[in-house]
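Asker: model this:
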Amino acid sequence: MILEILQKRFEEHSYRHEEIEWKTVEERLLKQKGKLLSLQKMEETGGEPDVMGIDENTGEYLFCDFSIETPSGRRKITYDLEGEEKRNKKKVYPEGNPVSMARELGIEILTEGQYRMLQEKEKVDLKSSSWLKTPEEIRKLGGAVFGDCRYDHVFIYHNGAESFYSSRGFRGILRV
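Answerer: Numbers count the residues shown, from 1 in each chain. Have a look, this model is predicted:
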């Protein structure tokens, strides 16, 4: 079933991946059943995954969450487990964190560069925001990075890693 959903989305949004043919993507997916499971989980959590491009270094297809707003099943979350535990101690309970959730889904959190690439393909996070993979030097100081699109411009911001909002989640990327 997930293959049919992915194929339909791939064909309906061909401008996202003009140089790529579905047949080659499908062949690779069928050889990597674990990746199909991750794509199914991305779909179930509201991500609407589709091919964003090809990694020039590895030749892998890059599946990314293309939902207009940050995936609905991955919101109200702090950046990582440390941030989540700080909130829990204050008896304020986030619904998880992207570092742990990405691991469970078998995906990666988008980097700032990947987020900007996504925004070039299609404007997303017009009312929501998405945590991004945070550089270690920022995280060591207690911060984390997120992005959104307002006024037809992509903004990258910072916040405390323990912060969470009903409209902030995370987007993932899967290499196939």
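
Asker: check which helix or strand covers residue 117.
Answerer: helix 112-121 (DSSP states H and E).

Asker: Output that helix as CSV - backbone C-alpha positions only.
Answerer: Extracted in CSV, the C-alpha atoms of helix 112-121 (Å, rounded to 0.1, in the frame of the first residue of the first chain):
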residue,chain,number,x,y,z
GLU,A,112,19.7,23.5,7.8
GLY,A,113,21.0,22.9,4.3
GLN,A,114,18.5,20.1,3.6
TYR,A,115,15.7,22.3,5.0
ARG,A,116,16.7,25.1,2.7
MET,A,117,16.7,22.6,-0.2
LEU,A,118,13.2,21.5,0.7
GLN,A,119,12.0,25.1,0.9
GLU,A,120,13.4,25.7,-2.7
LYS,A,121,11.3,22.8,-3.9
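
Asker: which residues sit against the helix or strand where residue 85 lies?
Answerer: Per DSSP H and E: residue 85 is located in helix 81-89. For helix 81-89, contacts defined as C-beta atoms under 8 Å, 6 or more residues apart in numbering pick out 77-78, 93-94, 96-97, 99-100, 144, 160-164. Every residue, glycine included, has its C-beta placed from N, CA and C.

Asker: This completes my enquiry, with thanks.
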